[in-house]
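Asker: Here is my input, please return the structure:
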Amino acid sequence: MPSKLMIIYVAFDLIFAACGGLLMGFSLISEQRLRNTPTVDNVAQNLLLGQCPLTAGVVNSIFVFVTFILSLPALFLPLNRGWLRAQGWLVVFSAIFTLGLGLTVWVETLETRRRLNDIWGGEAPLIQSLLQQKFDCCGYFNSTSPGYVTDAVCVSDLVATQKGGCIRPFYLFANKYLDQIFTAAFGIVGVDVLLVLCVAMVLKYRQEQERYKHIDEKNGAGGF
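Answerer: Residues are numbered from 1 along each chain as shown. You can find the predicted model right below:
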């Protein structure tokens with residue numbers, strides 16, 4: 001019967017693989033969404049996702065799956081430590097990779113206002129109009145700033161002046177959305193750290209088992 005330590009180790013190894021699947025699914029689904037026709041419902045999310053390292057997320061998830069597959073021999077070879085050491089280093093690398101992705105998104109949140117202005121200014125009038133409709137506002141700063149579009153929401157300059165600019169609602173939405181992404185990335189890093197600790201404990205346990213085995217062999221040999 002497996003020990004509690006091995007059960008915990010296997011559980012975190014499976015959670016580690018599940019995090020890779022989550023990362024892969026999010027990255028691929030997000031890339032698919034970016035190819036969809038922009039609408040009021042998806043325009044803001046897509047603009048923000050376009051600034052995220054989605055391709056790097058796919059690469060990271062593939063690395064997670066490879067690490068998980070390489071960990072399987074460690075499960076079926078109860079005294080082996082080489083595969084465990086290799087898994088430990090690979091998980092550390094994966095954690096650093098994921099941490100880098102999370103920090104990239106986090107840094108973007110620190111410059112959200114400036115970046116959103118650049119994003120807004122670089123989009124076509126159709127996208128700017130969809131953003132105005134989504135946040136019920138007119139123009140980025142106000143109706144006199146570049147990027148203001150007359151549409152169903154901003155039907156006239158008077159209405160546009162009363163509604164105000166999109167900077168605040170867009171900024172709040174972007175911060176909340178990006179916060180969820182980098183928080184999830186940091187959560188995956190937390191799982192990686194716990195798995196590394198489990199690997200270290202299993203290595204220590206197997207080292208002790210091997211030591212006791214050598215002691216028993218010496219004692220048995222001395223009895224003849």
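Asker: Residue 157: neighbour count?
Answerer: 13 (other C-beta atoms under 10 Å). In short, each C-beta sits where N, CA and C put it, glycine included.
Asker: what do you get for the one 5 residues further on?
Answerer: With neighbours defined by other C-beta under 10 Å, the count for residue 162 comes to 11.
Asker: What's the first helix or strand after the helix or strand hosting it?
Answerer: Taking DSSP states H and E as the definition, residue 162 sits inside helix 157-163. Downstream of helix 157-163, the next assigned helix or strand under DSSP H and E is helix 167-222.
Asker: Can you list the low-confidence ranges for the chain?
Answerer: Along the chain, segments meeting pLDDT under 70 span 1-2, 212-224.
Asker: Pull out the buried positions in the helix or strand containing residue 13.
Answerer: Element membership of residue 13 [criterion: DSSP H and E] is helix 4-34. Within helix 4-34, the residues scored as buried using 16 or more other C-beta atoms under 10 Å are 6, 8-9, 12-13, 16-17, 19-20, 23-24, 26-27, 30, 34.
Asker: Which elements pack onto the helix or strand just after that helix?
Answerer: Downstream of helix 4-34, the next assigned helix or strand under DSSP H and E is helix 43-49. Judged by 3 or more C-beta pairs under 8 Å, 6 or more residues apart in numbering; DSSP states H and E, helix 43-49 is in contact with helix 4-34, helix 125-135, helix 167-222.
Asker: distance of residue 6 from residue 76?
Answerer: 12 Å (C-beta to C-beta, to the nearest Å).
Asker: Now for the spatially most central residue of the chain: which residues touch it?
Answerer: A centroid search over the chain (C-alpha atoms, centre = their mean) returns residue 185, at 3.4 Å, as the residue closest to the centre. The contact partners of residue 185, by C-beta atoms under 8 Å, 6 or more residues apart in numbering, come to 98-99, 101-102, 105.
Asker: Nearest residue to it in space, ignoring adjacent ones along the chain?
Answerer: residue 102 (3.1 Å; C-beta to C-beta, 6 or more residues apart in numbering).
Asker: Where does the one you found fall, secondary structure wise?
Answerer: Counting by DSSP H and E, residue 102 is part of helix 82-110.
Asker: What is the burial count for residue 183?
Answerer: So residue 183, with other C-beta under 10 Å, has 12 neighbours.
Asker: Would you mind measuring from it to residue 56?
Answerer: Distance from residue 183 to residue 56, by C-beta to C-beta: 18 Å.
Asker: Kindly report the same for residue 35.
Answerer: Taking C-beta to C-beta, one finds residue 35 at 18 Å from residue 56.
Asker: quick one, which of these two is more surrounded?
Answerer: Counted by other C-beta under 10 Å, residue 35 and residue 56 do not tie: residue 56 has more neighbours, with 15 against 7.
Asker: which residue sits closest to the more buried one, ignoring its sequence neighbours?
Answerer: Here the residue nearest residue 56, using C-beta to C-beta, 6+ apart, is residue 101, at 5.9 Å.
Asker: Would you check that my belief about the one you found contacting residue 53 is correct?
Answerer: Yes - Residue 101 is in contact with residue 53 according to C-beta atoms under 8 Å; the separation is 5.5 Å.
Asker: more neighbours, those two?
Answerer: The residue with more neighbours, out of residue 101 and residue 53, is residue 101; 24 against 15, by other C-beta under 10 Å.
Asker: Contact partners for the more buried one?
Answerer: 53, 56-57, 60, 185.
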